[in-house]
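A.B. asks: Here's a sequence, model it:
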Amino acid sequence: MKSQNRASLRLKNLARQNVKLANRLGAGSSPSALTQLRSLTLNFGFSLATGELLHLNGGWYVTHAGLLRLASRRHCAGIEVDQVDQSSDPLAGRWVFKATVFRSPSSKGFVGYGDADPSNVSSLVHGAEMRVAETRAVNRALRKAYGIGLCSVEELGAFSSPSRSSSTPSSTNSSPSSNGSGNGQPRLRDQLCLLIRQHNLNANLVKAYAADFCGTQTISGASRELVESFISHLSAAAKENRDALVCRLNSYAHPVEAKP
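C.D. replies: Numbering: from 1, shown residues only. Presented below is the predicted three-dimensional model:
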């Protein structure tokens, strides 16, 4: 009973923290968005500060990192991933994977499929379609296993470029993955560098954190929208609790092997 009360109190505290951070990030303007955020926090324990949820285009998306941490918290028994050979075409860069999540050793498994090809991933991650497809399959299987009626970032919008009207002129500054700015604001790279200098953060660890936050191999492989979300998240986290942020960044440091 005491452990249940502690868990309930922890989730309520986390919900308050998430709502507070959402307001700082400008995601709290809609009462329905805050209501959904509270529900997601209380039901699944997702943390906004650690990048387990993202608010994009007016809606909430769970991240690959958030789903994996949920599986760990719920003591997932295992995840099995297989390539679907008959639907894949390596020469064309098309990959399809089947993922099966086992919630317990006796579970029959929850199945999810994920596909990726050059037409539905960003040009920045061309050549990595196989990994994208695997991630999407795992995400779908995890969402089924734990009853999450929420799309993941990697499935929608993370890797594929937003559609552009044919009447919209193409320019470097308007590209979704561009680091430039067409509205007089500092470039994303400059904004990130400024934050790193302002809060005296390790640039390499910030880059590693950004890639994990965005669900890509490197930060350059993320869409502009995701990078903008990460910058907002990093700024809020640094102001909220820099020490906690530094601890988080240190988790991305590669251990140094001791020399005899």
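
A.B. asks: Looking at the one residue sitting closest to the centre of the chain now. What's its pLDDT?
C.D. replies: Nearest to the centroid of the C-alpha atoms of the chain, with distances taken as CA atoms, centre = their mean, sits Thr63, at 3.4 Å. The pLDDT attached to Thr63 in the predicted structure is 90.

A.B. asks: Make residue 1 into 453 and carry on from there
C.D. replies: Happy to do that; since the first residue is 453 now, the last one works out to Thr515.

A.B. asks: so it makes contact with Thr502?
C.D. replies: No: taking CB atoms under 8 Å as the definition, Thr515 is not a contact partner of Thr502, at 9.4 Å. For glycine as for every other residue, the C-beta is placed from the backbone atoms N, C-alpha and C.

A.B. asks: list the contacts for the residue nearest to the centre of the chain?
C.D. replies: Contact analysis of Thr515 by CB atoms under 8 Å, 6 or more residues apart in numbering lists Gly503, Glu504, Leu505, Leu506, Ser604, Val605, Glu606, Phe665, Gly667.

A.B. asks: Same question for Tyr565.
C.D. replies: Neighbouring residues of Tyr565 by CB under 8 Å, 6+ apart: Val536, Val548, Phe549, Lys550, Ala551, Ala589, Arg592.

A.B. asks: Just the buried ones from those residues, in PyMOL syntax?
C.D. replies: Once 16 or more other CB atoms under 10 Å is used to decide burial, the buried members of these can be selected in PyMOL as follows:
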select buried, resi 548+549+550+551+589+592
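
A.B. asks: Just give me the closest of the contacts of Tyr565 to Ala523.
C.D. replies: Lowest distance from Ala523 to these (CB to CB) belongs to Ala551, with 11.5 Å.

A.B. asks: Give me the distance between Ala662 and Ile648.
C.D. replies: For Ala662, the distance to Ile648 under the criterion CB to CB, to the nearest Å works out to 11 Å.

A.B. asks: Which one's more surrounded, those two?
C.D. replies: Between Ala662 and Ile648, counted using other CB atoms under 10 Å, Ala662 has the larger neighbour count: 23 against 17.

A.B. asks: so how far is Ala501 from that one?
C.D. replies: Separation of Ala662 from Ala501 (CB to CB): 15 Å.

A.B. asks: and if you look at Arg476?
C.D. replies: From Arg476 to Ala501 the distance is 10 Å (CB to CB).

A.B. asks: joint contacts of these two?
C.D. replies: Each of Ala688, Glu692 lies in contact with both Arg476 and Ala501 under the rule CB under 8 Å, 6+ apart.

A.B. asks: In the longest helix seen in the chain, which residues are buried?
C.D. replies: Taking DSSP state H as the assignment, the helix of the chain that covers the most residues is helix 454-476. Of all the residues in helix 454-476, those buried under the rule 16+ other CB under 10 Å are Leu463, Leu466, Ala467, Asn470, Val471, Leu473, Ala474, Arg476.

A.B. asks: Am I right that the second one is in contact with Gly497?
C.D. replies: The reference is to Leu466. Yes: taking CB under 8 Å as the definition, Leu466 is a contact partner of Gly497 at 6.7 Å.

A.B. asks: got any residues that touch both of the two?
C.D. replies: With CB under 8 Å, 6+ apart as the test, Leu466 and Gly497 reach no residue in common.

A.B. asks: Need the CA coordinates for the helix or strand bottoming out on mean pLDDT in the chain. PDB is fine.
C.D. replies: Comparing helices and strands within the chain by mean pLDDT, DSSP states H and E singles out helix 640-650 as the least confident, with a mean of 79. Below are the C-alpha coordinates for helix 640-650, written out as PDB (Å, rounded to 0.1, in the frame of the first residue of the first chain):
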ATOM      1  CA  LEU A 640      19.100  27.000 -35.100                       C
ATOM      2  CA  ARG A 641      22.800  26.200 -34.900                       C
ATOM      3  CA  ASP A 642      23.500  29.700 -33.500                       C
ATOM      4  CA  GLN A 643      20.700  29.300 -30.900                       C
ATOM      5  CA  LEU A 644      22.100  26.000 -29.800                       C
ATOM      6  CA  CYS A 645      25.700  27.300 -29.500                       C
ATOM      7  CA  LEU A 646      24.400  30.300 -27.500                       C
ATOM      8  CA  LEU A 647      22.600  28.000 -25.100                       C
ATOM      9  CA  ILE A 648      25.700  25.900 -24.700                       C
ATOM     10  CA  ARG A 649      27.900  28.900 -23.900                       C
ATOM     11  CA  GLN A 650      25.300  30.600 -21.700                       C
END
